[in-house]
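Peer 1: Provided below for reference: sequence and predicted model.
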Amino acid sequence: MVKRIGVLTSGGDAPGMNAAIRAVTRVATNIGIEVYGIYDGYRGMVEGKIQPLTRRDVSDILDRGGTMLGSARLPEFKSLEVREKAVEQLKKFGIEAVVVIGGDGSYRGALALTEMGINCIGLPGTIDNDISSTDETIGFNTALTTIVDAVDKLRDTSSSHHRCSVVEVMGNRCGDLALFAGISTGAEIVITSETGFDEGEVLDRLREFDVVKKKNHALVIISEKITDVEVFARKVSQHTGFSGRATILGHVQRGGSPVPADRILASRMGEKAVDLLMQGIGGQCVGTQSGNIVGVPIEEALNMPAKSRKELQNLFDRLV
Ligand code: ADP
């Protein structure tokens, strides 16, 4: 049986990663498995930035955002030579298996390492909710809460000024943050890569909200990298009765103390990762499906189609 495992965080950080590190460390050490922290993702693995983690080392991190292990990107990890260096380091430290907390890029690295004889299990740590093999990713609910808090505040001030708030949120390939925030805040319009963006049509709809529906405020939530929201807000001012104001929420969405739902999700997933490694399983990622924690082969997970949001999009449309 595996005696020593490593844990790392990779790619973009997400609130709840610390809760996952803690769960892996506590569950493993409680059954006599040694845990090593690998700092700064795959970069630290290659460079040997590796240290033992005791149960005390993960005290007082459950409520902290970010990741105590640091995160980094190392595009060179795609090269076999670089991964061979990483495997050498792991062998030097006696690490037989690794829990990788990150997004789908990190999963690819985990799969490649598994194929080289180091069993790896992936945990979905990303605020974007863009991993098809799990209903929810670690960090999504916290980021959503941050967005909803900010938008609620914007609405208070905007409705006093006949304003149209155009709020840019994170999540480009996956519009869940925008759509879920739109439903939660009663937005008038949500624009994501799934809905597409027809500027003329959006301006027409805003004029209708103003002239026909007599709304004194309109809220547009838009995923990042779809359009320049500052420019779009100016067009709102020029072509509709609203005064358009853009707000780019930016990196505040990644920060903050994880909400309980993320702490629980991260703890359950961390436990599952250790259990899978103890069964000698690698090359899988952990997800929730209909409330159950499951292990899914990474290869299968990476090839799954994006989750359909038709039902939620219809709900949104019926609520406006
Ligand atoms: P995320 O994990 O959040 O999707 P990235 O796509 O940046 O973030 O991936 C994180 C890291 O995973 C990369 O910097 C790289 O070290 C590693 N990685 C990404 N794709 C691959 C791949 N195809 N093979 C091996 N490692 C990869």
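Peer 2: Arrived safely, thanks for sending. Residues are numbered from 1 along each chain as shown.
Peer 1: Now do the residue nearest to Arg55 when sequence neighbours are not counted against Asn119, distance only.
Peer 2: Beyond its immediate neighbours in the sequence, the residue positioned closest to Arg55 (C-beta to C-beta, 6 or more residues apart in numbering) is Thr29, lying 5.2 Å away. For glycine as for every other residue, the C-beta is placed from the backbone atoms N, C-alpha and C. Counting by C-beta to C-beta, to the nearest Å, the gap between Thr29 and Asn119 amounts to 18 Å.
Peer 1: Could you do Ala112 as well?
Peer 2: From Ala112 across to Asn119, the span is 12 Å (C-beta to C-beta).
Peer 1: on that earlier part again, Thr29 and Asn119: who's more crowded?
Peer 2: Asn119 (21 against 18; other C-beta atoms under 10 Å).
Peer 1: Let me see the contact set for that one.
Peer 2: By C-beta atoms under 8 Å, 6 or more residues apart in numbering, the contact list for Asn119 reads Val2, Glu96, Ala97, Val98, Leu277, Gly280, Ile281, Gly282, Gly283.
Peer 1: who does it bridge with?
Peer 2: When bridges are called by DSSP bridges, Asn119 pairs up with Ala97.
Peer 1: Could you say whether the residue in the stretch 201-320 of the chain that the ligand sits nearest to sits in a helix, a strand or coil?
Peer 2: Taking C-beta to the nearest ligand atom as the measure, the point where the stretch 201-320 of the chain comes nearest the ligand is Leu302, at 9.4 Å. Following DSSP: H, G, I helix; E, B strand; the rest coil, we place Leu302 in the helix state.
Peer 1: what's around it, how many residues?
Peer 2: Per other C-beta under 10 Å, the neighbour tally for Leu302 reads 17.
Peer 1: Please apply the same query to the one 10 residues further on.
Peer 2: Here the number of neighbours of Leu312 (other C-beta under 10 Å) works out to 17.
Peer 1: hang on, it packs against Leu179?
Peer 2: Yes. Under the criterion of C-beta atoms under 8 Å, Leu312 makes contact with Leu179 at 5.8 Å.
Peer 1: per-residue pLDDT, Arg173?
Peer 2: Model confidence at Arg173, given as pLDDT, is 89.
Peer 1: Renumber starting at 56 from here on
Peer 2: Yes, from this point I'll number from 56; that puts the last item at Arg228.
Peer 1: which residues does it contact?
Peer 2: Contacts here follow C-beta under 8 Å, 6+ apart; on that basis Arg228 touches Asp183, Asp185, Ser248.
Peer 1: can you tell me which of those residues are in strands?
Peer 2: Among these, no residue falls in strands (DSSP state E).
Peer 1: What count of nearby residues applies to the residue in the stretch 156-305 of the chain that the ligand sits nearest to?
Peer 2: For the stretch 156-305 of the chain, the residue closest to the ligand is Gly160, as judged by C-beta to the nearest ligand atom, at 2.0 Å. Using other C-beta under 10 Å, Gly160 has 17 neighbouring residues.
Peer 1: That one belongs to a helix?
Peer 2: Yes. Note on Gly160: a helix contains this position according to three-state DSSP.
Peer 1: can you tell me how far it sits from Ile186?
Peer 2: Summarising the geometry, the distance separating Gly160 from Ile186, computed by C-beta to C-beta, is 11 Å.
Peer 1: pLDDT of the helix or strand containing Thr212, averaged?
Peer 2: Of the helices and strands defined by DSSP states H and E, Thr212 is found in helix 195-213. Per-residue pLDDT over helix 195-213 has a mean of 93.
Peer 1: List the buried residues for the helix or strand bottoming out on mean pLDDT in the chain?
Peer 2: Lowest on mean pLDDT, DSSP states H and E among the helices and strands of the chain sits helix 195-213, with a mean of 93. Neighbour-count burial for helix 195-213, counted by 16 or more other C-beta atoms under 10 Å, picks out 195-202, 205-206, 209-210, 213.
Peer 1: Save these as TSV, and put in distance to the ligand too.
Peer 2: Putting those into TSV (distance: C-beta to the nearest ligand atom, whole Å) gives the following:
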residue	distance to the ligand
Phe195	13
Asn196	17
Thr197	16
Ala198	14
Leu199	18
Thr200	20
Thr201	18
Ile202	19
Ala205	23
Val206	25
Leu209	28
Arg210	31
Ser213	33
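Peer 1: and which of these is nearest Gly71?
Peer 2: When the buried residues of helix 195-213 are compared for distance to Gly71, the smallest value, 6.4 Å, is given by Thr197; criterion: C-beta to C-beta.
Peer 1: now the strands for the stretch 256-375 of the chain?
Peer 2: If you assign secondary structure with DSSP state E, counting those that start in this stretch, the strands in the stretch 256-375 of the chain sit at 273-278, 298-303, 339-344, 347-352.
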